[in-house]
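Enquirer: The sequence isn't on hand, but the structure is:
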């Protein structure tokens, strides 16, 4: 990583790392025995370790002048590795927490290992660790290839990638210590949130400057989605996390939003974290890796425009469907429901556009497990957006809310859509990035595919069953007009499904381990392919790339 | 025409970003801003009292342990919920809650009105090992709460931060935060009187975990659980007929 930097850039990197180190020392000093102090130690170790890494290679030969005529792929490679590491961590935590619901004593007699603290390590681990690293890595890849330009920075891509991972580390280690704002999918405390703002602004500037270097007049559709992802997540993150710390030496803060307003802000954030983190960014992957892998142009340019602006506009209204029948005013609930239903149009426009792109390439879907990952992702995207619109309808939500149905819905999206498109993209990306002829073992890709499909289906079906059963038991009346079941009755009925769900999750985790092994061996053991060398900015799009919109 | 416009738009990154911000801002502004200006959003409740320092500390433990991941605190306006848990929740009941803990999942039951429903002793036994009192429960055991001393020195700072954000804690409340935390869990101590004086006669002063010699996290959490739903009576005087869930058999 350091070999690609000039001496001046190495110095810049060291200065930044020195700042990080000093910030860590200051946090450790101010925090003392507070978790903030522990985080200070983590920050200073992080900065110190990276500084040592740069120092070790400081006097190595500088890169040759022609590096600027190549794509900048080192940060992407590191991003792929981090994606896989977080996938295994996050999914393992998911399996553990799932197992705890079936066997509650699978915890130690200490706070860090109980369900309430582990749950955000799973959600943050998979959403931000796995998903976020995949988004950053693929965005660096896609923006370079579709713009035919090298990233507009040598140190800043590393800053974005590693800085983001520092945020994830602070968040997850914080949850083990009980540091949490309790805002769903935004649990990290104020100092980690501030750090993420710095990282994210850098990401935004880097992305825009790279686009400014493009040799294509038009910005390709995948980059629209990456831009929406970067810009809107920044807005959501800042507004939702406005908070007042009780002191600069303590991790605890109080959010500026209270009660009903806080509920709306939290779900405005929460639902749009789904929209702009887990949908927009991954649609960007779809719009690039699908046409590349299928070797077919995107079916319709107009549908791309329609779905992009539909998603960008409609999604922001939908958050209040998480608050049906609550103390949130009725008019907001109705707006949320209405826009959630309308959202089906742009969502299915995207899913349809993806599936129609495969027309003429169905034999590849049959033969190529990687393309099948992408195909299944598009199908699950269509299914779970339909399900989402359906569940946002008030009377349906009366049944589904607070139950496992919601959990099943989220995982249909998170496993079936987000993880499938990510693995499909990784299997496409890895051989081209490391200039290998193919993946180490196509058979293992096939194994991963079936483990993932089985895991997802078992998971989703068990949660549908348990959720609907639970919802019905809560509202069933006897003939005398009294509630038929106690809450405990409904809990007892859940156990078989909780066991099945943990098993489904375990299969999915095994699939991710297989993927990590396969990718590791591809890098280690598959010989470099000569034909891949032509992948440079001046040679036109990457080989086999037909990722231009259809006219 | 529209397509031609878009072909122009997608040639400029800055223009595209501005268009994204414009499109994405509308929904949030329309749905969030009026919640601060429309008066009916939050009901009046003159009797609403504040969390005592001990209850606030307990609330922070509830947050720290992620209790909200499995327990909601929001009774919806549905017949079965009202019959199971009590009057549906009002916005004013979480007026001072930062953050709100309405929750999104009920692996365990709703807790919005659990205060006073069980004895302190039951809560302590249940938190120590839920399966001792509810054999079928899948809730984690929280044994260590009873052996972990409560951090009380910084409670004044907590109240001060809350006041800076608009919660009407008085100077006396802030100055006596630490003493009040001790007093609430030690009914026979000289500190106990100040608690009811500052927070109202209805404040529960009790040796929550049964041990008055040491103030533990168990005391704080039980004090918090016992106040849930009891900060105001507003929900009980608001007797509008609850909305009924649609009958799935029709």
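Expert: Structure received. What you see is a predicted model; the values in this text were computed from it and never measured.
Enquirer: who are the neighbours in contact with residue 163?
Expert: As the question left the chain open, I've gone with chain A. A:195, A:198-199, A:202 (C-beta atoms under 8 Å, 6 or more residues apart in numbering or on different chains). Every C-beta, even on glycine, is put in place using the N, C-alpha and C of the backbone.
Enquirer: that's the other chain; I wanted chain B
Expert: For residue B:163, the contact set (C-beta under 8 Å, 6+ apart) comprises B:169, B:174.
Enquirer: for it, helix, strand, or coil?
Expert: The assignment at residue B:163 comes out as helix when based on DSSP: H, G, I helix; E, B strand; the rest coil.
Enquirer: Then the one 4 residues further on?
Expert: Three-state call for residue B:167 (three-state DSSP): coil.
Enquirer: Surely it and residue B:49 touch.
Expert: No. Between residue B:167 and residue B:49 there is no contact under C-beta atoms under 8 Å: 11.4 Å.
Enquirer: that older thread, can you pick out the most distant pair from the contacts of residue A:163?
Expert: The span of the contacts of residue A:163, defined through C-beta to C-beta, is set by A:195 and A:202 at 11.1 Å.
Enquirer: mind listing the helices for chain B?
Expert: B:2-9, B:13-32, B:34-37, B:53-64, B:79-85, B:120-128, B:130-133, B:155-164, B:171-175, B:177-184, B:192-199, B:217-227, B:234-237 (DSSP state H).
Enquirer: Return the backbone torsion pair for residue A:244.
Expert: The phi and psi values for residue A:244, taken as degrees, to the nearest 10, are phi -110, psi 110.
Enquirer: Please report how far it lies from residue A:234.
Expert: 21 Å (C-beta to C-beta, to the nearest Å).
Enquirer: where does chain B have low pLDDT?
Expert: Applying pLDDT under 70 to chain B flags the ranges B:1, B:238-250.
Enquirer: Now do the strands in the stretch 201-350 of chain A.
Expert: Assigned by DSSP state E, counting those that start in this stretch, the strands in the stretch 201-350 of chain A fall at A:243-245, A:253-255.
Enquirer: who touches the last one?
Expert: Spelled out, that is strand A:253-255. A:181, A:183, A:189-190, A:241-246, A:262, B:98-99, B:158, B:161-162, B:165.
Enquirer: What subset of the residues you listed is buried?
Expert: Neighbour-count burial (16 or more other C-beta atoms under 10 Å in any protein chain shown) applied to the contacts of strand A:253-255 gives A:181, A:183, A:189-190, A:241, A:243, A:245-246, A:262, B:98-99, B:158, B:161-162, B:165.
Enquirer: tell me the contacts of the residue nearest in space to the middle of chain A?
Expert: The centroid of chain A falls nearest to residue A:131 when counting by C-alpha atoms, centre = their mean (2.2 Å). Taking C-beta under 8 Å, 6+ apart, we find residue A:131 in contact with A:277-278, A:281-282, A:418, A:422.
Enquirer: at 7 Å instead, please
Expert: Going by C-beta atoms under 7 Å, 6 or more residues apart in numbering or on different chains, residue A:131 touches A:277-278, A:418.
Enquirer: Chain B: which of those residues is nearest?
Expert: Lowest distance from chain B to the contacts of residue A:131 (C-beta to the nearest C-beta) belongs to residue A:277, with 13.3 Å.
Enquirer: residues contacting the residue of the stretch 301-450 of chain A found nearest chain B?
Expert: Closest approach between the stretch 301-450 of chain A and chain B, counting by C-beta to the nearest C-beta: residue A:316, at 3.2 Å. Neighbouring residues of residue A:316 by C-beta under 7 Å, 6+ apart: A:272, B:24, B:26-28.
Enquirer: any idea how far residue A:15 is from it?
Expert: Going from residue A:316 to residue A:15 by C-beta to C-beta gives 39 Å.
Enquirer: mind listing what's buried in stretch A:367-384?
Expert: Within stretch A:367-384, the residues scored as buried using 16+ other C-beta under 10 Å are A:368-384.
Enquirer: Report the mean confidence score over it.
Expert: Mean pLDDT, computed over stretch A:367-384, is 97.
Enquirer: Just give me the residue right at the centre of chain B.
Expert: What sits nearest the mean C-alpha location of chain B, by C-alpha atoms, centre = their mean, is residue B:101, with 4.9 Å.
Enquirer: Would you format the contacts of residue A:131 as TSV with neighbour count and pLDDT included?
Expert: Converted to TSV, the contacts of residue A:131 look like this (neighbours: other C-beta atoms under 10 Å in any protein chain shown; pLDDT from 0 to 100):
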residue	neighbour count	pLDDT
A:277	22	95
A:278	22	95
A:418	28	98
